[in-house]
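**Student:** Curious how this folds, go ahead:
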Amino acid sequence: MYKTLINSGQLMFPVSITSALKRLLLGSLLLLVTPAAVVNAAEVRVVIDTDSDTLQVLRGDKVIRTYENIAIGRYGKTYFKIRGDNKTPLGKFRIGWTNKKTRYHRFLGLTYPDLPAADRALVDGRINESDWQSIRRATEAGKVPSQGTPLGGMIGIHGIGTGDREIHDEFNWTNGCVALTNEEIDELLQWVKIGTPVEIR
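**Tutor:** Okay, the predicted model is just below:
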């Protein structure tokens, strides 16, 4: 099922030859220093498909549970997220913290911005080298990166709290997070924990 985007809009940015070359060169260098994410075959992981509006809980290749009709950011998804764009970032993250006392019922915070997002942002000039270094150090230490850079933060999986279930069923309504119903996120908590891998694609 494909949801309607509230106030949907697509922005296209021209990329100069210089920017493309910088991206290529930086990407080549970062392959040498970026640690590979290793996922244990027995480890539970979460895969969020923004095209089919589903969230799957998997152990290895076995699907434990599928949640349908999830909601994402009201302006869709992106690899080039910035603060306040109301888009859901694509990438591979982990659950970095949890909050059980939130207006969204439950909140599972993700380790966004990750290093690939920071790499792209540094090349595009959306962050400076100091922000990039901060995100890199946190990522390499297995910590939650700064939530205060121009790339934004406080991205997670949450419930709808006292929000309107009909809105949730019909629209992508979040500020960039992934939303389930309150009952669904309560159930999800039995399988996930801090450190659980989460892929948004």
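
**Student:** C-alpha from now on. contacts and neighbour counts both.
**Tutor:** OK.

**Student:** Which strands or helices does the helix or strand that Gln133 is a member of pack on?
**Tutor:** Gln133 is part of helix 129-140 when elements are defined by DSSP states H and E. Counting contacts by 3 or more C-alpha pairs under 8 Å, 6 or more residues apart in numbering; DSSP states H and E, helix 129-140 packs against helix 115-124.

**Student:** Show me what the helix it packs on is packed up against.
**Tutor:** Packed next to helix 115-124, using 3+ C-alpha pairs under 8 Å, 6+ apart, are helix 17-33, helix 129-140.

**Student:** Strands of this protein, residue ranges please.
**Tutor:** For the chain, the strands defined by DSSP state E cover 4-5, 44-49, 54-59, 62-68, 77-78, 88-89, 91-99, 107-110, 156-158, 171-172, 178-179, 197-200.

**Student:** Parallel or antiparallel, list what pairs with the second one.
**Tutor:** Okay, so that is strand 44-49. strand 54-59 (antiparallel), strand 197-200 (parallel) (DSSP bridges).

**Student:** For Glu187, find the nearest of those strands.
**Tutor:** Closest to Glu187 of the strands paired with strand 44-49 is strand 54-59 (C-alpha to C-alpha; 11.0 Å).

**Student:** Output that closest one in PDB with nothing but the alpha carbons.
**Tutor:** Extracted in PDB, the C-alpha atoms of strand 54-59 (Å, rounded to 0.1, in the frame of the first residue of the first chain):
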ATOM      1  CA  THR A  54       6.500  -2.100   5.900                       C
ATOM      2  CA  LEU A  55       8.700  -2.700   8.900                       C
ATOM      3  CA  GLN A  56      10.000  -6.300   9.200                       C
ATOM      4  CA  VAL A  57      11.700  -7.900  12.200                       C
ATOM      5  CA  LEU A  58      14.200 -10.600  11.000                       C
ATOM      6  CA  ARG A  59      16.500 -13.100  12.600                       C
END
